[in-house]
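# Here is a sequence together with a model predicted from it:
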Amino acid sequence: MALASTNDALLANYVPVYVMLPLGVVNAENVFEDPDGLREQLKQLRAADVDGVMVDVWWGIIESKGPSSYEWGAYRELFKMVQEEGLKLRAIMSFHQCGGNVGDAVYIPIPQWVRDVAAANPDIFYTNRSGTRNPEYLSLGVDNEPLFGGRTAVELYSDFMKSFRENMADFLHACLIRDIEVGLGPAGELRYPSYPQVQGWNFPGIGEFQYVTADFRQAVAEAGHPDWKLPDDAGEYNDTPEKTKFFAENGTYLTEKGKFFLTWYSNKLLKHADQILDRANQAFLGCKLKLAIKVSGVHWWYKDASHAAELTAGYYNLKVRDGYRTIARQLTRHDAILNFTCVEMRDSEQPEEAKSRPEELVQQVLSAAWREGIEVACENALNRYDTAAYNVMLRNARPNGINPNGPPKVRISALTYLRLSDVLLESENWAIFKLFVKKMHADQDYCPDSQNFFKPITPMKRSKPEIPIEKILEATEPLEPYPFDPVTDMFSDETSETS
Ligand SMILES: OC[C@H]1O[C@H](O[C@H]2[C@H](O)[C@@H](O)[C@@H](O[C@H]3[C@H](O)[C@@H](O)[C@@H](O[C@H]4[C@H](O)[C@@H](O)[C@@H](O[C@H]5[C@H](O)[C@@H](O)[C@@H](O[C@H]6[C@H](O)[C@@H](O)[C@@H](O[C@H]7[C@H](O)[C@@H](O)[C@@H](O)O[C@@H]7CO)O[C@@H]6CO)O[C@@H]5CO)O[C@@H]4CO)O[C@@H]3CO)O[C@@H]2CO)[C@H](O)[C@@H](O)[C@@H]1O
């Protein structure tokens, strides 16, 4: 797009800010609980030049009455209010349970009639080494199994998204909804439930692999190694890498057997994402919006050679193997946005024993997306109200600062701040947040069409042909990340001191 003026050039640097709505804004009984209170808060967001809000659209609420019986009324009320208050929307297709993750203030399980299937088919849920099932999200092992009244899990997700499109057609037509974040695992993230707090995991435990047994048996048989078993030496949730044989120095993860398992485990996530995004693409064909997925910021043990916590989560990422560029390459088929978290964290804030490197991880993942030519968006992981955290977000949003002549070489497409609460709206926190929004906007006035100065959104076209797995795996080759300047257009020390 030709940039007509200096103002247009600066607007190409404008990073829109969204705020995540509370988890139970529509409660488990499918009631929009406090419309007056929320309207007040939305007005405050709009007055602070916030661009929009992101919200979970819970499967467990909408289709709770029974198969294919969708009830959208409360969400329609909510969307109407967001529209009336002049905000944009990013909607999460939340096919997971709320409850059990950090900050989960409410409990919203997946539909009861889906959970009931587990009585006869316990493998619909992920299983850890000791056999404990996890009801947070359906195992990817049943993606194509017609166990749910004749429908497969992928068909359940697909039908839900089609119903969303039909029932929200007016909002889609009015371009209220900027993107659809397709839930692909626990917490809505593309990952295995490898670090569930409800099963006793504590930060910074390495987590546990979650198993999809039948499928693995078939995979090893096809590979000519029917004797290979799932790892039994990978330890328990709260172990450190060196306590296990799998992740220790020269551990199993470096053997042929270990590599085979890790490739299989991580490839399954890629296939899972690809299939569901393909259905999402069909559901929203022609709509003026983008698809997006979330990848979790598993930053603990990043500095350990084994990257143990990333590996158990399904991100097969080592110094010699990029486990994120493969995900980004998979997304190119659907022109989907990669939404990455933990963007507020500093290495120096992390406990030494966790060998945690959030800053390097963010740099790696963002660079992976940019190298593959897809858009990347970000979220913070934990609630923060201080300029130190905002400065890290600003740096990651535009790693080389503002370019007065047009779009910066690299930038994120949007940031979602977690989360709307009374604490955020407290006077001092709110004052700093408003300054932060202005800075994300590159000091420009609020611009509802800022996307047009960066990458205009066009009606969704059909996904490109499937990418062969060999082609995706070529993206495992590690590349140097883009350089990130240590200081960009941040809060000055002076602002920090007065804040
Ligand atoms: O609505 C959208 C979805 O929202 C939720 O999912 C999001 C989730 O909320 C986000 O956190 C994020 O999740 C990821 C995250 O990106 C990953 O990095 C990772 O998180 C781990 C984190 O990076 C690690 O550092 C560690 O966190 C521990 C932390 O380091 C410790 O300091 C401590 O945290 C305390 C915290 O210090 C303290 O202030 C307080 O904060 C909570 C507050 O009490 C409460 O009132 C409420 O406001 O929430 C506050 C939390 O911010 O308590 C904290 C907890 O004790 O312990 C931390 C945990 O041990 O471990 C983190 C993993 O647990 O993994 C995250 C999950 O995958 O992005 C998610 C997706 O948007 C919902 O869960 C979804 O259902 C929604 O769809």
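Happy to help now that I have it.

# Burial check on residue 40, number of neighbours?
12 (other C-beta atoms under 10 Å). Where C-beta positions appear, they are placed from N, C-alpha and C, glycine not excepted.

# in the one helix or strand it maps to, what counts as buried?
According to DSSP states H and E, residue 40 maps onto helix 35-47. Judged by neighbour count using 16 or more other C-beta atoms under 10 Å, the buried positions of helix 35-47 are 38, 41-42, 44-46.

# Could I get the residues you listed in JSON lines, plus columns for distance to the ligand and pLDDT?
Output for the buried residues of helix 35-47, formatted as JSON lines (distance: C-beta to the nearest ligand atom, whole Å; pLDDT from 0 to 100):
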{"residue": "38", "distance to the ligand": "15", "pLDDT": "98"}
{"residue": "41", "distance to the ligand": "15", "pLDDT": "98"}
{"residue": "42", "distance to the ligand": "16", "pLDDT": "98"}
{"residue": "44", "distance to the ligand": "18", "pLDDT": "98"}
{"residue": "45", "distance to the ligand": "16", "pLDDT": "98"}
{"residue": "46", "distance to the ligand": "20", "pLDDT": "98"}
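
# Between all of these, which two are separated the most?
With distances taken as C-beta to C-beta, the most widely separated pair in the buried residues of helix 35-47 is 38 and 46, at 12.4 Å.

# Can you name the residues of the stretch 101-250 of the chain that neighbour the ligand?
The stretch 101-250 of the chain comes close to the ligand at residues 101-104, 187-189, 203, as judged by C-beta under 6 Å from any ligand atom.

# Apologies, that question was intended for the stretch 301-450 of the chain.
So the stretch 301-450 of the chain meets the ligand at 341-342, 379, 381-383, 418 (C-beta under 6 Å from any ligand atom).

# which of these has the most neighbours?
Neighbour max across these (other C-beta under 10 Å) = residue 341, 25 neighbours.

# So, low pLDDT: which residues of the protein?
Low-confidence segments of the chain (pLDDT under 70): 1-4, 213, 494-499.

# redo that, cut-off 80
1-6, 212-214, 493-499 (pLDDT under 80).

# Let me see the contact set for the residue nearest the centre of the chain.
Centrality entry for the chain: nearest residue to the mean C-alpha point is residue 294, 1.6 Å, by C-alpha atoms, centre = their mean. The contact partners of residue 294, by C-beta atoms under 8 Å, 6 or more residues apart in numbering, come to 181, 184, 187-190, 339-341, 379.

# Could you rerun that using 6 Å?
If you count contacts by C-beta atoms under 6 Å, 6 or more residues apart in numbering, residue 294 has them with 188-189, 339.

# Check residue 54 too.
Neighbours of residue 54 in contact, by C-beta under 6 Å, 6+ apart: 18, 20, 90, 416.

# Give me the phi and psi for the residue lying closest to residue 202 once chain neighbours are set aside.
Nearest residue to residue 202, sequence neighbours excluded (C-beta to C-beta, 6 or more residues apart in numbering): residue 238, at 5.7 Å. Main-chain torsions, residue 238, degrees, to the nearest 10: phi -100, psi 20.

# With residue 452 instead?
phi -70, psi -20.

# could you point out which element follows the helix or strand where residue 214 lies?
Element membership for residue 214 (DSSP H and E) is helix 213-222. Toward the C-terminal end, the helix or strand that comes next after helix 213-222 (DSSP H and E) is helix 256-283.
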